[in-house]
Every structure is written in C-alpha cells, then in structure tokens.
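Trainee: Just a sequence and a predicted model for now, questions to come.
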Amino acid sequence: MTDSTQQAADILMAVRKGGPRVAGLGAAAPQTEAAAFAVQAEVLKRLGARIGGWKCAAPPGKPTSAAMLDAGFIRPGPLHWPVPAGGQIGIETEIAFRLGRGFPKRDSPYTLAEIQDGIEAAFPAVEMVSSRYLDTSKVTMNEAMADSIAHAGLVLGAAVPGWRDMDLKNLVVRQTCGGKVQVEKVGGNPSGDPFTPLLWLANYLPSVGLALEAGQVVTTGSCTGLLYVDGKQRVTGGFAGFGEVVVELD
C-alpha cells in the first residue's frame with residue numbers, strides 16, 4: 001500500500017469520524033482508478049467493514065465510475081435514517097440487483113445474457129448520499145471514487161417477482177419527500193438501461209484486480225438525479241409495477 005493511499009484514507013476517515021468536510025485530497029489524491037479503489041478498500045478496512053456490493057454508472061459518452069458499498073449499510077426498508085440536526089442528506093431512486101453467481105476474471109468478456117442469467121433478484125432502491133468533500137463538483141473523478149462517490153448507504157425494497165418480463169429502462173420512477181412529489185417520469189437511468197452499467201462493471205473490475213461476487217448487490221445509477229433534503233421527513237422512492245422504498249429521515 002502506498003503512502004498516498006494511507007494519507008487519503010486518513011483524510012476521509014477524519015471526516016467520517018465527525019471532522020469538517022474537506023476541499024479535496026490534495027497531494028494524496030489518487031491518480032488512477034486502481035488507486036482510487038485502493039483508497040476505498042482501505043477506508044472499508046478501517047471501518048471494520050466488508051464489500052457488500054457496488055454502485056456503478058456507464059453513461060454513453062461520459063466517464064464510467066464505480067464504488068464499493070459497505071455491507072453493513074445495505075439495508076432493507078422501511079427504516080429510519082439519521083440526519084444530523086441542521087444538515088441534509090442526498091437521495092436517489094435506483095434499480096438494484098443481487099447476484100446469484102460471481103464473475104471472476106477470464107479471457108473473454110462476459111455477455112449481457114450471462115450477466116442477466118447471473119442475477120438472483122431485483123429491487124427498487126434508495127441510495128443515501130453524503131460526500132466527505134465540501135463541493136463534489138471541484139474534485140477529480142478519481143477523488144470522487146476514492147470517497148465511494150459520496151455513498152452513505154443503500155435501502156432496498158422487496159424483491160420484485162417477474163422482473164425479467166419487465167422493460168426496466170422504461171418504468172415510471174416516482175420519488176417523494178415530505179408528501180411532495182419531487183420526480184415522476186419515465187426512465188431516467190444515466191446509462192440508459194440498468195443492465196448496461198452492470199455489464200460494464202462485471203468486465204471492468206478484473207482489470208483492476210477485483211471481481212463481482214455471488215451475493216453482492218449492485219445498484220445501477222440514479223433515475224431521479226441527486227436531491228438533497230432535510231431530516232424529519234418521509235422519503236419514498238420506487239417504480240410503477242416494481243415497488244417502492246420508504247425511509248423515515250430522523
């Protein structure tokens with residue numbers, strides 16, 4: 001492990017422990033995606049956590065990204081989620097999958113059919129978002145990935161029966177907060193289709209010495225965009241015919 005990995009993890013852990021958010025990682029900022037994953041892994045190690053899944057995005061014509069998810073913060077809804085007094089938390093409604101098999105490194109790329117066949121279950125999900133940076137628009141993509149792309153947790157709805165027969169990229173997504181509709185529209189996945197980032201991730205991770213494993217949950221990008229909200233409200237996020245997630249913000 002490099003000194004810069006340790007230094008980046010030191011900075012991010014200080015914020016996680018209650019310190020002020022930072023402008024960036026400075027000289028400790030990772031210069032490659034592999035280095036960003038090394039920081040993610042070191043932070044999880046220091047938290048005493050393990051990888052329970054991934055968040056990912058592969059939007060056409062834009063940079064791809066991925067982050068490890070702390071298994072302890074992938075939780076079934078409905079549930080209560082703490083929000084610091086006077087603070088806010090970001091919310092995003094997404095489609096997530098649980099894998100029934102792993103996708104280890106091999107010579108030929110995995111096909112879409114293999115990826116879909118390896119999915120054990122599909123869920124509506126609400127990602128909870130909280131960056132350790134003052135302004136995420138002013139850090140590099142590798143710095144964003146080092147901070148797990150501002151991931152705070154993932155709340156899952158019930159597994160959806162019959163999801164294989166649904167047109168997942170054209171579901172109507174609906175997100176509310178405090179009883180008010182924030183977003184209601186058709187589709188919205190940044191990659192166009194939730195299978196697109198999953199396929200990319202399965203084939204990409206082995207190039208940096210990682211791999212998707214059986215039992216992991218992969219969430220595939222916000223269909224609503226990122227919206228920051230105050231505490232003391234109920235959040236709902238879901239899709240027509242696909243179920244919803246309820247989160248009580250404390």
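Mentor: Right, received. Where do you want to start?

Trainee: Next up, the contacts around the residue at the greatest distance from the centre of the chain.
Mentor: Relative to the centre of the chain, the most outlying C-alpha is that of Asp107, 27.6 Å out, by Cα atoms, centre = their mean. Residues near Asp107 by Cβ atoms under 8 Å, 6 or more residues apart in numbering: none. No exception for glycine: its C-beta is placed from N, CA and C like everyone else's.

Trainee: Mind checking what secondary structure it has?
Mentor: coil (DSSP: H, G, I helix; E, B strand; the rest coil).

Trainee: And the pLDDT at it?
Mentor: Predicted confidence (pLDDT) for Asp107: 97.

Trainee: Centre-most residue in this structure?
Mentor: Closest to where the C-alpha atoms of the chain average out (Cα atoms, centre = their mean) is Lys55, at 3.2 Å.

Trainee: May I have whatever helix or strand it lives in as PDB, with CA atoms only?
Mentor: Here Lys55 sits within strand 51-57, counting by DSSP states H and E. Written as PDB, here are the backbone C-alpha positions of strand 51-57 (Å, rounded to 0.1, in the frame of the first residue of the first chain):
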ATOM      1  CA  ILE A  51     -17.700  -5.200   0.500                       C
ATOM      2  CA  GLY A  52     -21.400  -6.000   0.200                       C
ATOM      3  CA  GLY A  53     -21.900  -4.700  -3.300                       C
ATOM      4  CA  TRP A  54     -21.200  -1.900  -5.700                       C
ATOM      5  CA  LYS A  55     -22.600   1.300  -7.200                       C
ATOM      6  CA  CYS A  56     -21.800   1.900 -10.800                       C
ATOM      7  CA  ALA A  57     -22.600   4.100 -13.900                       C
END
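
Trainee: Just give me how far that strand sits from the chain centre.
Mentor: Distance of strand 51-57 from its chain centroid, counting by Cα atoms, centre = their mean, to the nearest Å, is 6 Å.

Trainee: now do stretch 14-33
Mentor: On Cα atoms, centre = their mean, the centre of stretch 14-33 falls 19 Å from that of its chain.

Trainee: Residues contacting that stretch, please?
Mentor: By Cβ under 8 Å, 6+ apart, the list of residues contacting stretch 14-33 from outside reads 4-5, 7-8, 10-12, 36, 38-39, 43, 47, 131-135, 138-140, 142-143, 145-146, 208.

Trainee: Sounds good, over and out.
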